[in-house]
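Q: Next comes the sequence, and after it the predicted model I'd like to discuss.
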Amino acid sequence: MSLSIISQHCKTIQEQYSINVELKLLLDDIVQELNKLKENDNNEDLFYNSLQEILLIINNVDTSLLNHELFFILRDILATLFSKWNNLSEQEAVIFQMINTHFYNILNAIGETNIEEYKILFCNKTLIDSIILCVDSLATNDEQYKSDTNLSILNCMIIGLNHLQVKQKQLQDDSTLLALLDSLVNLICSHYYVDALKDLELESTSITIAQDFLLETCPLYIVTYDGTREGDISETISNFLFPSHCLDIFQRFTSTISSWTNIVIRCMSSLMSILQYIVFRDNRKLYGYIHLRLVDHIYIILNGFTIENIEDNGYLKNFILYTIIYLYSFTVDLPLLTYIKQEKDFIPILLKLIEVNNSIIQVNAYRVLATILSEDDVKQLENPSKITQVFVEYIALHIDNMYRKNILETTLLGLISTFLCGIC
C-alpha cells in the first residue's frame, strides 16, 4: 500500500506543477508512508525503491519547501550513509549517489535569500560531522582513496557546501561549517596534499578524483572563507607549507613552465590561491627567506606566458591573477620590496600584463607598479585616464562588500598615494 501511495503521489508531482499548499499535502503523505516503511526491517527493499522514485521527481519541488520533513529525512539518510561510506550495500550506494546529487543541485542553485531554511537543512551537526568523519579519514588512511565513487560524492558535497558559504556569508562562521573548515585545513596540511602535487605528471591532461579533491576542491573551499578564523587558518597553513614544501614544489614545476598543460595550470593556480590567501599575515616576517626565494619563481611565472596565452585560457587568467596578488603582498615588506626593485626587472612584465583584457589583472598589476615605479616613471605611463578608470571600476566592484575591506583599502591607498600624484 505504501509503495502504491508514494508512486501515485510521485506521478502527480511529476505531471503537474501544483501550488505549494497542494504539493505540501502530497509530500506529507509521502513522508507518512516512508515512516511506515522504516518501522519494519522487512520493508527495506520497498523503502529504498520508494526513495529512488521520490528522488527522480523531487527536483520539481520549490525551494520554499526546503524545510519540509521529507528533506530532513533525506538529509538524515545521507548523514548515515556518509558515516558508513566504505561499507554500503548496493542499494545504499545508489541512494547515496542520488541524494548527494539532489542536494548538490540545491546548493548549486543557492541564492542570497532563504538563509534560515538553508541553515536548518545543511548546517546540521549530524550531517556535517558525518562529512568530517570522511575528510578526517582521508588525512590518515590510504585505504580511503580506493573508491572513486565515494570520493566523487564527497567532492560534490564539499563543492556544494562551498557554494553555501560563498552565497550566504552569514553562515560561514556557523560552528558546524567551521568544524568542516578545520577538517579540510588539516587535510591540506598533510602529506597527502603534498604527495598529490608531487605525483602530478608534468604532461598530465587528466587527473584522478583524489587529485581533483585534494588539489582543487579543498583549496577552493578554504580560500573562499573570509570570516573570523581567517587569521588562524592562514597561520596553520603557512606553518605547514613554507618551511618544508613550497620551494620544492615550485622548483619542480617552474623549470618546465613552457610545457604546462591545463591540468598543471589548474593545480598550480589552486596552490597559488592558497599562497595569496595566507600571505597577508605576519608570516612574511617569519618566513621572509622563503618568500625571497619564491620571488624568483614568480618572475619565471609572470614572464612565462604571452598576453594571447592568458586571454585565451580562463585557468591561466586565474593563475596569473593570484600570482600578481601574491607579488603585491611582498611590496608592503621593505626587504622583499627592495629585492623586487633591485634584483628583478618586473616593470616590463607588469607593463605587459596591464594590456591583458582583464580588469582585475590590470588593477593588480598597477598596484604592484605603484610600489616599484618612481614618481617620474609614473608620469611617463601612457593613457592615465585608462589607469584611473581601471581603479574606479575595481573600487565600484568591491565598495559594498565588507568582506573585501582590506582589498579596497589597499587599492585606494595605491591610487591616492601614487597614481593620482603622478598623473596630476
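A: On my side now, so go ahead.

Q: Spell out which residues make up each domain of this protein.
A: By the assignment in the TED database, the chain contains the domains 172-286, 294-381, 387-423.

Q: Could you point out which of these sits nearest Asp142?
A: Counting by CB to CB, Asp142 lies closest to domain 172-286 out of the domains of the chain; the figure is 8.5 Å. Using the backbone N, CA and C atoms, a C-beta is placed for each residue, glycine as well.

Q: tell me the average confidence for that closest one?
A: Averaged over domain 172-286, pLDDT sits at 93.

Q: gap between the two ends of that domain?
A: 29 Å (CA to CA, to the nearest Å).

Q: Centre of the chain to it, how far?
A: Relative to its parent chain, domain 172-286 has a centroid offset of 11 Å by CA atoms, centre = their mean, to the nearest Å.

Q: Run through this protein and note the low-pLDDT ranges.
A: For the chain, the stretches with pLDDT under 70 are 1-3, 6, 9-21, 60-63, 282-283, 375, 377-424.

Q: could you pull out the helices for the stretch 1-150 of the chain?
A: Along the stretch 1-150 of the chain, counting by DSSP state H, counting those that start in this stretch, helices occupy 2-15, 20-38, 44-57, 69-83, 90-108, 115-122, 125-138, 148-167.

Q: Let's have those in a markdown table, adding mean neighbour count and distance to Ile354.
A: Rendered in a markdown table, the data for those read as follows (neighbours: other CB atoms under 10 Å; distance: least, CB to CB, whole Å):
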| stretch | mean neighbour count | distance to Ile354 |
| --- | --- | --- |
| helix 2-15 | 16 | 54 |
| helix 20-38 | 16 | 52 |
| helix 44-57 | 18 | 51 |
| helix 69-83 | 19 | 47 |
| helix 90-108 | 18 | 35 |
| helix 115-122 | 18 | 40 |
| helix 125-138 | 18 | 41 |
| helix 148-167 | 20 | 29 |
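
Q: now those helices as a markdown table including distance to Ser206?
A: Formatted as a markdown table, the helices of the stretch 1-150 of the chain follow (distance: least, CB to CB, whole Å):
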| stretch | distance to Ser206 |
| --- | --- |
| helix 2-15 | 37 |
| helix 20-38 | 40 |
| helix 44-57 | 30 |
| helix 69-83 | 27 |
| helix 90-108 | 22 |
| helix 115-122 | 31 |
| helix 125-138 | 21 |
| helix 148-167 | 13 |
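
Q: Tell me which of these approaches Phe242 most closely.
A: Between the helices of the stretch 1-150 of the chain, helix 125-138 lies closest to Phe242; by CB to CB that is 23.0 Å.

Q: Against which helices or strands is the closest one packed?
A: Helices and strands touching helix 125-138, by 3 or more CB pairs under 8 Å, 6 or more residues apart in numbering; DSSP states H and E, are helix 69-83, helix 148-167, helix 175-188.

Q: Give me the contacts around it.
A: 75-76, 78-80, 82-83, 85, 144-145, 150, 154, 157-158, 161, 176-177, 179-180, 183-184, 186-187, 192, 213 (CB atoms under 8 Å, 6 or more residues apart in numbering).

Q: Alpha carbons only: can I get it in PDB?
A: The C-alpha trace of helix 125-138 is given here as PDB (Å, rounded to 0.1, in the frame of the first residue of the first chain):
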ATOM      1  CA  LYS A 125      25.700  18.900  13.100                       C
ATOM      2  CA  THR A 126      24.900  15.200  12.400                       C
ATOM      3  CA  LEU A 127      25.300  15.800   8.600                       C
ATOM      4  CA  ILE A 128      28.500  17.900   8.900                       C
ATOM      5  CA  ASP A 129      30.000  15.500  11.400                       C
ATOM      6  CA  SER A 130      29.500  12.600   9.100                       C
ATOM      7  CA  ILE A 131      31.200  14.500   6.300                       C
ATOM      8  CA  ILE A 132      34.100  15.500   8.600                       C
ATOM      9  CA  LEU A 133      34.500  11.800   9.500                       C
ATOM     10  CA  CYS A 134      35.100  11.100   5.800                       C
ATOM     11  CA  VAL A 135      37.500  14.000   5.400                       C
ATOM     12  CA  ASP A 136      39.500  13.100   8.500                       C
ATOM     13  CA  SER A 137      39.800   9.600   7.300                       C
ATOM     14  CA  LEU A 138      41.400  10.800   4.100                       C
END
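
Q: Now the phi/psi pair for Leu353, please.
A: Per-residue torsions, Leu353: phi -70, psi -20 (degrees, to the nearest 10).

Q: you'd agree it is up against Gln362?
A: Yes - if you go by CB atoms under 8 Å, Leu353 and Gln362 touch, sitting 7.5 Å apart.

Q: When those two are compared, which one has more neighbours?
A: Leu353 (25 against 22; other CB atoms under 10 Å).

Q: contacting residues around the more buried one?
A: With CB under 8 Å, 6+ apart, Leu353 has these contacts: 302, 307, 310, 320, 324, 361-362, 365.

Q: same deal with Ala365?
A: 324, 350, 353-354, 356.

Q: which among the residues you listed gets closest to His68?
A: Distances from His68 to the contacts of Ala365, taken by CB to CB, are shortest for Ile324, at 47.2 Å.

Q: How about the closest one, nearest residue that isn't a chain neighbour?
A: Asn364 (4.4 Å; CB to CB, 6 or more residues apart in numbering).

Q: Could you count how many residues lie near that neighbour?
A: 29.

Q: if we can go back for a sec, let's have the contacts of Ala365 in TSV, adding secondary structure and distance to Tyr289.
A: Shown next, in TSV, are the contacts of Ala365 (DSSP: H, G, I helix; E, B strand; the rest coil; distance: CB to CB, whole Å):
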residue	secondary structure	distance to Tyr289
Ile324	helix	22
Leu350	helix	24
Leu353	helix	27
Ile354	coil	30
Val356	coil	31
